[in-house]
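Trainee: Fold the stuff below for me.
(one chain, ligands or ions: 1)
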Amino acid sequence: MKIICIGRNYAKHARELGNEVPDQPVVFLKPSTALLIKDRPLYYPDFTEELHYEGELVLRISRLGKCIDPCFAHRYYDAVTVGIDFTARDLQRALKNKGLPWEIAKGWDHSAAIGRWIPIEKIHLPPDQWHFELRKNDTVVQQAQLSDMLWDIPALISYVSQYFTLHIGDMLFTGTPPGVGPVQIGDVLEGYFLGRRVLRTEIK
Ligand code: MG
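Mentor: Reported below is the predicted structural model:
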């Protein structure tokens with residue numbers, strides 16, 4: 001199982017971190033050991049002083065595929081949830097400034113929190129009407145409509161499957177909207193998809 005992540009898929013988020021809006025999706029991977037499930041807490045890692053949340057829509061891949069045409073992409077995922085791409089922002093900044101890979105800033109143990117899966121057949125809205133939000137200590141900090149994405153779900157699945165064969169059980173983090181920010185020990189993060197809470201994680 002692999003976790004494929006998209007960076008800078010919302011123009012406003014790219015700008016809030018001082019990045020250019022890319023002309024192709026930014027893609028990186030997290031290892032399977034990054035998963036954090038079942039609303040377990042996240043223990044603040046020792047190696048960062050700037051732990052950030054990035055709330056994201058996450059897809060569950062349900063079919064083997066390679067070089068998938070965008071018009072068939074909807075056949076390749078069967079569930080959706082909200083996840084958090086936890087990021088050691090200070091490490092990421094230092095690595096980016098040196099032009100080095102980000103893995104240790106993004107792929108550490110439990111850095112990929114995912115909520116409860118919502119089967120696609122239970123969602124009675126087309127993807128361009130899906131929306132999600134992240135709350136920190138009961139305050140909404142991130143909110144997004146899928147129509148705000150630079151690359152929609154079919155475009156992302158098509159793009160990443162040119163490089164990585166998709167396997168059943170892989171996950172695709174689709175990028176974070178504006179509003180990323182720091183967390184402290186004691187904070188509670190909750191993810192909502194179409195108004196339903198699917199994720200809760202406390203920072204310990
Ligand atoms: Mg992210």
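Trainee: quick one: which helix or strand includes residue 141?
Mentor: strand 139-145 (DSSP states H and E).
Trainee: Tell me the helices and strands packed up against whichever helix or strand comes after that strand.
Mentor: Remark: after strand 139-145, the chain's next helix or strand is helix 153-160, criterion DSSP H and E. In terms of contacts (3 or more CB pairs under 8 Å, 6 or more residues apart in numbering; DSSP states H and E), helix 153-160 is packed against strand 3-7, strand 171-173. From N, CA and C alone the C-beta is placed, and that goes for glycine too.
Trainee: now for those strands, which one comes closest to residue 62?
Mentor: Closest to residue 62 of those, according to CB to CB: strand 171-173, at 11.0 Å.
Trainee: Spell out which residues sit in contact with residue 183, please.
Mentor: Listed by CB atoms under 8 Å, 6 or more residues apart in numbering, the contact set of residue 183 reads 44, 51, 52, 53, 136, 189, 203.
Trainee: Got the phi and psi for it?
Mentor: Residue 183 has phi and psi values of phi -120, psi 160 when expressed as degrees, to the nearest 10.
Trainee: what about it, distance to residue 94?
Mentor: Residue 183 is 19 Å from residue 94, where distance means CB to CB, to the nearest Å.
Trainee: top strand in this protein by residue count?
Mentor: strand 77-85 (DSSP state E).
Trainee: Just want the angle from that one to strand 139-145.
Mentor: Counting by axes from the mean of the first three to the mean of the last three CA atoms, to 10 degrees, strand 77-85 lies at 140 degrees to strand 139-145.
Trainee: List the strands paired with strand 77-85, with their directions.
Mentor: strand 55-61 (antiparallel), strand 112-114 (antiparallel), strand 118-119 (antiparallel) (DSSP bridges).
Trainee: what about dumping the CA coordinates of the first one to PDB?
Mentor: When you say that, I think you mean strand 55-61. Output of strand 55-61 as PDB, limited to C-alpha atoms (Å, rounded to 0.1, in the frame of the first residue of the first chain):
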ATOM      1  CA  GLY A  55      -6.600  19.000   5.900                       C
ATOM      2  CA  GLU A  56      -7.200  17.100   2.600                       C
ATOM      3  CA  LEU A  57      -9.800  15.100   0.800                       C
ATOM      4  CA  VAL A  58      -8.500  11.500   0.500                       C
ATOM      5  CA  LEU A  59      -9.500   8.800  -2.000                       C
ATOM      6  CA  ARG A  60      -9.300   5.000  -1.500                       C
ATOM      7  CA  ILE A  61      -8.100   3.300  -4.700                       C
END
